[in-house]
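>>> Next come a sequence and a model predicted from it.
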Amino acid sequence: MPPDNPPIAETRAIEKFYAQPSGARVQVIAPTNLEIMPGSFTALLGPSGSGKSTLLRMLTGLVKPSAGQVLWHGEPLGLRQPDAAIVFQNFALFPWLTVLENVEAPLQARGVDAAKRKKNALKILDTVGLDGTEGAYPKELSGGMKQRVGFARALVVEPEVLFMDEPFSALDVLSVETLRNELLELWLGRKIPTKAIFLVTHNIEEAVLLADRIIVLGRNPGSIRTQFGVNLMHPRDRKAPEFTRLVDYIYKILTQPGELPPPPLRPSPETAQRAAEPPAPLPHTRPSTVAGFVEILLPRQSAQDIYVLADDLGMEVDDLLPIIDASVLLGFVRVNEGDIELTAAGRAFAEADIQDRKEQFREAIQEVPLLRRIRRGLEHQAKHELKDEFFLDVLEEHYTDKEAQRQLDTAVSWGRYAEIFDYDADSGKLWLTEPAENESVEA
Ligand SMILES: Nc1ncnc2c1ncn2[C@@H]1O[C@H](COP(=O)(O)OP(=O)(O)OP(=O)(O)O)[C@@H](O)[C@H]1O
Ligand SMILES: [Mg+2]
């Protein structure tokens, strides 16, 4: 960790003991060190009673550790107040106050004058989609709306760190989905000035959907079993193999005491074998050609015979094949006994506007081995750039020099379209267009 990037908050060997009704002192949290870094979205997972809420309360100063220290910007709590706000599972709204008054309450507690209070509260209510409900009382609202008020009340103070303790577990499925997405939009779109998010949850999928860092607690006494980064692009697909592998891995950690299961990123012998094989060659087709092709298929309701289609388009089948291959590789069309039809992803791509297309294309090429290798290769470099020779050397082990160059050119055109990486032929440099996810954590 570079010294110019210190944690916002950290715990130094904090412990917690509680007295039982019997009088015995029970250790709830074993000495624990953790950090909240600027730019991070941390999820704290653990079984019931493992001490998740207790850790959150100690981090925010609501509960004092029995031993150890909580530091904010290097200073012990007590000497300074944490710049934090908390969203609770049960909303914890004041039933006798209106929505607006609930959201103004923390500002009032901080001594903000009435006019500014109202202005800021109305603004944040608008941000969380609650404009028009200012005068309502909590009991008039659905669970989802109540939690929006909970978010507004936390965000109105523009906390440096937003803490959440199971904020979605009391809500119906649909509200959960919507609220999670909206939270991500605020966070990833930098629509809130919050510098870090710390989410307590017992829902593994929720942690993998949202967080870029996951801490898993074990219990009796609560302690960190493991922590790791989640390097998946947003929006995350619950059905993607990387996603389900990570969910399975965490599930195993939570259900198997004792030794940790092997992390999912370590390749199995089978995938290691595959890694040694040449990456499947990319069909030499530009993304714009694929886009044009799926647009042509869109109005055609039934599966198309490839020969009839080529004839229709006035093309040779040989010229059409690489376009079809590319579309299949991207998951936009499927081919069955010489008939071709759009997949749901292909239909969505054909109907999307330019910006959405880029995102869908980015999603689609995650599974394309050569593109993934280039991206990984760049991500592992400190400056996120590499010379083309590096990739050409690898490709030349499998292809002629000319074909290796063509493969790289095609990969670059796909990577550029998806805005993942770019290439300058003069300097021979490839570089990541978007910061690597683990890097943005430290940004
Ligand atoms: N004020 C308290 N007095 C005594 N014991 C407590 C107190 N608060 C928590 N505990 C105990 O500490 C342990 C950890 O509780 P905590 O609420 O932090 O767990 P949790 O991981 O948040 O659980 P859950 O998933 O059920 O919310 C539990 O065994 C709980 O009974
Ligand atoms: Mg709890």
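Thanks, I have it. Numbering: from 1, shown residues only. Ligands and ions are numbered 1, 2, ... in the order given.
>>> just the residues of the stretch 51-200 of the chain that are near ligand 1, which are they?
For the stretch 51-200 of the chain, the residues in contact with ligand 1 (CB under 6 Å from any ligand atom) are 51-54. (Each C-beta comes from the backbone N, C-alpha and C, glycine too.)
>>> Specify which member of these is nearest to ligand 2.
Set against ligand 2, the nearest of these by CB to the ion is residue 53 (3.1 Å).
>>> How many neighbouring residues does the closest one have?
18 (other CB atoms under 10 Å).
>>> Over to the one 4 residues further on?
Other residues lying near residue 57 total 19 when counted by other CB under 10 Å.
>>> Where does it fall, secondary structure wise?
helix 52-59 (DSSP states H and E).
>>> Okay, and the residue of the stretch 251-400 of the chain found nearest ligand 2 sits in which element?
Of all residues in the stretch 251-400 of the chain, the one sitting closest to ligand 2 is residue 254 (14.9 Å; CB to the ion). Assigned by DSSP H and E, residue 254 belongs to helix 241-255.
>>> Any part of that helix near ligand 1?
No - judged by CB under 6 Å from any ligand atom, helix 241-255 stays clear of ligand 1, getting no closer than 11.7 Å.
>>> So, low pLDDT: which residues of this protein?
Applying pLDDT under 70 to the chain flags residues 1-4, 265-279, 435-443.
>>> tell me which parts of it are close to ligand 2?
52-53 (CB under 5 Å from the ion).
>>> How is the chain divided into domains?
Following automatic domain parsing, one finds the domains of the chain at 9-255, 287-363, 368-440.
>>> Tabulate these in CSV, adding columns for distance to residue 281.
Output for those, formatted as CSV (distance: least, CB to CB, whole Å):
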stretch, distance to residue 281
domain 9-255, 22
domain 287-363, 9
domain 368-440, 6
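>>> all strands of the stretch 151-300 of the chain, in order?
With DSSP state E, counting those that start in this stretch, the ranges of strands along the stretch 151-300 of the chain come out as 161-165, 196-201, 213-218, 223-229.
>>> residues touching the residue in the stretch 251-400 of the chain positioned nearest to ligand 1, list them.
Nearest residue of the stretch 251-400 of the chain to ligand 1: residue 254, at 11.7 Å (CB to the nearest ligand atom). Residue 254 sits next to 45-47, 204, 216 when contact means CB atoms under 8 Å, 6 or more residues apart in numbering.
>>> With only the CA atoms kept, save stretch 48-59 in PDB.
Taking C-alpha atoms only, stretch 48-59 is exported to PDB below (Å, rounded to 0.1, in the frame of the first residue of the first chain):
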ATOM      1  CA  SER A  48     -25.500 -15.300  12.600                       C
ATOM      2  CA  GLY A  49     -23.900 -14.300  15.800                       C
ATOM      3  CA  SER A  50     -20.400 -14.100  14.400                       C
ATOM      4  CA  GLY A  51     -20.100 -10.500  15.500                       C
ATOM      5  CA  LYS A  52     -20.700  -8.600  12.300                       C
ATOM      6  CA  SER A  53     -22.900  -6.000  13.900                       C
ATOM      7  CA  THR A  54     -20.600  -5.700  16.800                       C
ATOM      8  CA  LEU A  55     -17.700  -5.000  14.500                       C
ATOM      9  CA  LEU A  56     -19.700  -2.300  12.700                       C
ATOM     10  CA  ARG A  57     -20.700  -0.700  15.900                       C
ATOM     11  CA  MET A  58     -17.100  -0.600  17.100                       C
ATOM     12  CA  LEU A  59     -15.900   0.800  13.800                       C
END
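>>> quick one: buried residues of it?
50-59 (16 or more other CB atoms under 10 Å).
>>> Repeat that for stretch 378-387.
378-379, 384-386.
>>> From start to finish, how long is it in a straight line?
10 Å (CA to CA, to the nearest Å).
>>> Please identify which of the residues of the stretch 51-200 of the chain next to ligand 1 is nearest to residue 301.
Residue 301 has its nearest neighbour among these in residue 52, at 51.6 Å by CB to CB.
>>> picking that back up, name the nearest of the residues of the stretch 51-200 of the chain next to ligand 1 relative to residue 114.
residue 53 (34.1 Å).
>>> Hmm, residue 169 and that closest one touching each other?
No - using CB atoms under 8 Å, residue 53 makes no contact with residue 169, being 11.9 Å away.
>>> what sits in contact with each of the two?
Between them, residue 53 and residue 169 share no contacting residue, judged by CB under 8 Å, 6+ apart.
>>> which other helices and strands contact the helix holding residue 57?
Packing contacts for helix 52-59, counted by 3 or more CB pairs under 8 Å, 6 or more residues apart in numbering; DSSP states H and E, involve strand 9-19, strand 25-36, strand 41-45, strand 161-165, strand 196-201.
>>> Output the ones you listed in TSV; the columns should cover mean neighbour count.
Shown next, in TSV, are the helices and strands packed on helix 52-59 (neighbours: other CB atoms under 10 Å):
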stretch	mean neighbour count
strand 9-19	18
strand 25-36	17
strand 41-45	25
strand 161-165	24
strand 196-201	25
